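*Asks:* Dropping a prediction and its sequence here:
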2 protein chains.
Amino acid sequence: MPDTLASLGEFGLIARLEALLAREGVAAPGVVLGLGDDTAILRPQPGQEMLITCDCLVAGRHYLPGVIGPRELGRRAMAVNLSDIAAMGGQPLHALVSLGLTAQSSLEEVEEIYRGFLAELNPHGAAVVGGNITKTEGPAFIDVTLVGQAPAGRALRRSGGKVGDAILVTGWPGQAAAGLRQLRQAPGQAHPELRRAYLTPTPRLAQGRAVAQSGLASAMLDISDGLLGDLNHICEQSHTGALLAAARLPVSPALRQAAQAWGQDPLDLVLGDSDDYELIITCPPQNVAGLMAALAAVGQVPASQVGRLTPPGQGLELALPGGERRPLRPRGWDHFGD
Amino acid sequence: MPDTLASLGEFGLIARLEALLAREGVAAPGVVLGLGDDTAILRPQPGQEMLITCDCLVAGRHYLPGVIGPRELGRRAMAVNLSDIAAMGGQPLHALVSLGLTAQSSLEEVEEIYRGFLAELNPHGAAVVGGNITKTEGPAFIDVTLVGQAPAGRALRRSGGKVGDAILVTGWPGQAAAGLRQLRQAPGQAHPELRRAYLTPTPRLAQGRAVAQSGLASAMLDISDGLLGDLNHICEQSHTGALLAAARLPVSPALRQAAQAWGQDPLDLVLGDSDDYELIITCPPQNVAGLMAALAAVGQVPASQVGRLTPPGQGLELALPGGERRPLRPRGWDHFGD
């Protein structure tokens, strides 16, 4: 019979998880004191600014317990936070994990969630340094706070875009939403690439750091509200509009196939609500080639130049191949709208 | 009709809360970039180490929605985290708040929760710099991550106690549990002092910093698992036992009165499970007077010398007035035990 949380008790569970982290996790830089006291103690590196973010997954709302396994869930919960550090061009260092567990949770499941955290953190030399575990009668939740660093003054914001800047995007936006839809329809038949895009997105940490280090970009953020939703965030904070070229939007073969099966325009899937954790980057036009080279130097993730920032009065528009312009209305995923 | 979260939408709610924080919150040191981007950007102060902790309150489990008002709830959620910074001897700086809200939540209620955060943060010059809001079908939750700082090498740990060290405690442990019990029995008739001890505990920040700055203490932690439960944490990590003197345990008049009404030994209430957020401090015997003076210099919170650390084989014991010693069994609040 697997250990239950009630038989282990809170302190027993914490001891097991601390042992797992010590055994299977890596040592992160700057940790003076990790788990086991009132707070962790961290030593900031000189010349670095600290980045901090938190993002929470709630069962049934941000993930489907029947569809995602516990290790994938741990990976996803950590990945969505790593993506925020990536979007600033930072290096992840330290995670705190707040778990809300139900009476149904088993030790085995919680340990697998933690292994998922480590699968995402270890490759970047980052570690879990604190946390909190509580029981809840309602849906389980995983709230992660992630600390990272970036050289002082080099972190990239949403607000730096200028009219005329080129808009770049990494990877294949829209795949996550398509994966989720397929998983909901028939979990066993989801396209592996779309499934992976949704369940275990890869945060673009190497790409984000390369962009920040190049000094060539004006703004950056990650796509968690869909390409259009997040581009709109850049536009709002940078006080611009944006014109996207339909012919330049990246459509993966898997997404094209899914769109065909659903009788939909694939571009609606590329632009629409989808938590893809790709990066949107803006830069002066003369920096595009340099930025593309910087991105290519750190891996195989494709980047596409998809449009440019326009004067604020123009809003968001799509340029169709025939030259016609269609206004676009961003929606973004609204947690209270449904 | 009050604004509902569904009518405002997630981004509308966030905009309202950001406006509230800008209007009613103070500016914390070292904030390069606050709310509104993928991460906050913070500039660590030279010579300081960073302290980081997180603690989560779940409705029905860590608070009683019918008994605690939203502003008190915000205060409590922040205070329990501030207490962890206090227990290291640190200065609180930056908070991230992850809220899980139900469909029943109103804007007014959420704003009151945020005012509660500010009521606790503003006096210490600390600010909310990030967060996350999500909807949940289950009980609401508030997960706070708090960042603080302490001069490098000066933060006090649980593990520094030595055999022979004196044990000090601030305030009146046990009052919070008594307050909770009275609130459950008859909310309107709870003793104001006990009620306050439970609903809006005062984190001992000034006391914690004074202790750390004095350099006179060997270990410190806050009481959230009861005096005995947390003293046991010091003993485990410091490899000691502990002997408490029954005659020296602080019993407040309000607690004595409550114990009498329940026909209980007040010492059981002082020692038992109770989240009081007072501080347990250990120090070499010759430092007691200096430490008491350092504590007295920062305010009116009483401190009591209640016993000493003993060799590890002796466990936890209570010395009765007649000279007899009674073994004590720490329990601490186990989140999965009930």
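*Replies:* In hand now; what should we look at?
*Asks:* Could you pull up the mean pLDDT of the helix or strand harbouring residue A:118?
*Replies:* According to DSSP states H and E, residue A:118 maps onto helix A:107-121. Helix A:107-121 comes out with an average pLDDT of 95.
*Asks:* for it, which positions count as buried?
*Replies:* For helix A:107-121, burial by neighbour count (16 or more other C-beta atoms under 10 Å in any protein chain shown) applies to A:107, A:109-121. For every residue, glycine as well, the C-beta is placed using N, CA and C.
*Asks:* before we move on, what about stretch A:280-287?
*Replies:* For stretch A:280-287, by 16+ other C-beta under 10 Å, it's A:280-283, A:287.
*Asks:* Next: stretch A:299-311.
*Replies:* Quick answer for stretch A:299-311 (16+ other C-beta under 10 Å): A:301, A:303-310.
*Asks:* Closest to residue B:270 out of the buried residues of stretch A:280-287?
*Replies:* residue A:280 (57.7 Å; C-beta to C-beta).
*Asks:* Can you tell me the strand partners of the helix or strand of chain A with the lowest mean pLDDT and which way each runs?
*Replies:* Sorting the helices and strands of chain A by mean pLDDT, DSSP states H and E puts strand A:31-33 at the bottom, at a mean of 82. Looking at strand A:31-33 with DSSP bridges, its partner strands are strand A:40-42 (antiparallel).
*Asks:* quick check: domain ranges of chain A?
*Replies:* Annotated domains of chain A cover A:10-151, A:158-327 [automatic domain parsing].
*Asks:* could you give the mean pLDDT of the helix or strand that the helix holding residue A:118 is followed by?
*Replies:* Reading on from helix A:107-121 to the C-terminus, the next helix or strand found by DSSP H and E is strand A:127-135. Mean per-residue pLDDT for strand A:127-135: 91.
*Asks:* Output the contacting helices and strands for strand A:127-135.
*Replies:* helix A:5-24, strand A:40-42, strand A:91-101, helix A:107-121, strand B:48-58 (3 or more C-beta pairs under 8 Å, 6 or more residues apart in numbering or on different chains; DSSP states H and E).
*Asks:* quick one: low-confidence parts of chain A?
*Replies:* By pLDDT under 70, the low-scoring segments of chain A are A:1-3, A:331-338.
*Asks:* which residues of it fall in strands?
*Replies:* For chain A, strands defined by DSSP state E occupy the ranges A:31-33, A:40-42, A:48-58, A:91-101, A:127-135, A:141-151, A:166-170, A:219-222, A:241-245, A:279-283, A:303-310, A:316-319, A:325-327.
*Asks:* centre of the chain versus the first one, how much separation?
*Replies:* To tie it back to what came earlier, the one meant is strand A:31-33. Offset of strand A:31-33 from its chain centre (C-alpha atoms, centre = their mean, to the nearest Å): 27 Å.
*Asks:* List the buried residues in it.
*Replies:* Residues A:31-33 are the ones in strand A:31-33 that count as buried (16+ other C-beta under 10 Å).
*Asks:* could the domains of chain A be laid out in TSV, adding distance to residue B:260?
*Replies:* Shown next, in TSV, are the domains of chain A (distance: least, C-beta to C-beta, whole Å):
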stretch	distance to residue B:260
domain A:10-151	32
domain A:158-327	57
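*Asks:* out of those domains, nearest to residue B:137?
*Replies:* domain A:10-151 (5.8 Å).
*Asks:* ok and the residue in chain A nearest chain B?
*Replies:* For chain A and chain B, the shortest gap (C-beta to the nearest C-beta) falls at residue A:138, measuring 1.2 Å.
*Asks:* Once you drop chain neighbours, what's closest to that residue?
*Replies:* residue B:138 (1.2 Å; C-beta to C-beta, 6 or more residues apart in numbering or on different chains).
*Asks:* surely that neighbour meets residue A:139?
*Replies:* Yes: between residue B:138 and residue A:139 there is a contact at 4.6 Å, judged by C-beta atoms under 8 Å.
*Asks:* Identify the residues contacting residue A:128.
*Replies:* A:21, A:25, A:35, A:94-97, A:114, A:117-118, A:121 (C-beta atoms under 8 Å, 6 or more residues apart in numbering or on different chains).
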